[in-house]
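Asker: have a look at this prediction, sequence included:
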Amino acid sequence: MDAMRSFASLDEFSAATGEHLGYSAWLRVTQDQVDRFAGATGDLQWIHTDPERAATGPFGGTILHGYLTLALLPAMMRDIFDIEKVDMGVNFGLDKVRFPRPVPVGSRVRGGAKLTGVRETPSGHLAAVRMTVEVEGERRAACVADTLSLFVAP
C-alpha cells in the first residue's frame with residue numbers, strides 16, 4: 001500500500017486534479033463475503049455461490065459479483081486519500097463502470113485512484129475519481145469505475 005495521501009482542504013484536493021492518488025492495501029476476498037452479498041441482494045447465481053458447480057464452469061471457480069467489487073470502492077478510497085476540514089463525503093453516483101475481467105474468490109484485490117476532476121456545486125465539491133480494481137498477479141483490471149463523490153466543507 002502507498003502511504004495515505006492527506007489533503008489539508010478541498011482546495012488542495014482540487015489542485016491534485018489529473019494526479020494518481022495512490023493504491024489501497026491488498027484485500028483478500030472470500031466465499032463468505034460473496035455468500036453474504038448474495039443473500040443481501042438476492043443474486044444467488046451459481047457462478048458466485050456454488051463452488052462445486054463453478055469449479056467446472058467458465059471461470060474455474062466462483063467469482064465476485066460485479067456489484068460486490070463496486071461495493072469495495074468506498075473502503076479502498078478511504079485507504080488511499082483523506083481530506084481534512086470536510087464535514088462529510090457521500091457517494092453521488094457513477095458515470096461509467098466496466099468489468100474487463102472476473103475476480104476469482106480467494107484472490108487479492110486493491111484499488112488505484114486517479115482524481116479526474118473537481119467542481120464546485122451549490123451542494124459542495126463534486127469530485128470525479130477513476131477507480132481501477134486490480135487482481136494480484138493479473139495484468140488486466142477487474143473493474144474500472146468513474147466514481148462521483150460529493151464533499152461538503154464546514
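Answerer: Now that the structure is in, tell me what you want to look at.
Asker: residue contacts, the residue nearest to Arg53 when sequence neighbours are not counted?
Answerer: Leaving out its chain neighbours, the residue that sits closest to Arg53 by CB to CB, 6 or more residues apart in numbering is Trp46, at 4.9 Å. For every residue, glycine as well, the C-beta is placed using N, CA and C. The contact partners of Trp46, taken as CB atoms under 8 Å, 6 or more residues apart in numbering, are 53-54, 57.
Asker: give the pairing partners of the lengthiest strand in the chain; include direction for each.
Answerer: For the chain, the longest strand by residue count, based on DSSP state E, is strand 108-121. Partners of strand 108-121 in the sheet, by DSSP bridges, are strand 20-23 (antiparallel), strand 27-28 (antiparallel), strand 124-135 (antiparallel).
Asker: please name whichever of these is nearest to Tyr67.
Answerer: Taking CB to CB, strand 124-135 is the member of the strands paired with strand 108-121 nearest to Tyr67, at 12.5 Å.
Asker: below-threshold pLDDT in this protein: ranges please.
Answerer: Scanning the chain for pLDDT under 70 picks out 1-2.
Asker: so which residues of it form strands?
Answerer: 5-7, 20-23, 27-28, 81-83, 88-98, 108-121, 124-135, 143-152.
Asker: now distance to Ile63 and mean neighbour count too, for those strands, in TSV please.
Answerer: Shown next, in TSV, are those (distance: least, CB to CB, whole Å; neighbours: other CB atoms under 10 Å):
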stretch	distance to Ile63	mean neighbour count
strand 5-7	31	16
strand 20-23	22	17
strand 27-28	14	14
strand 81-83	28	18
strand 88-98	16	13
strand 108-121	12	17
strand 124-135	10	20
strand 143-152	12	18
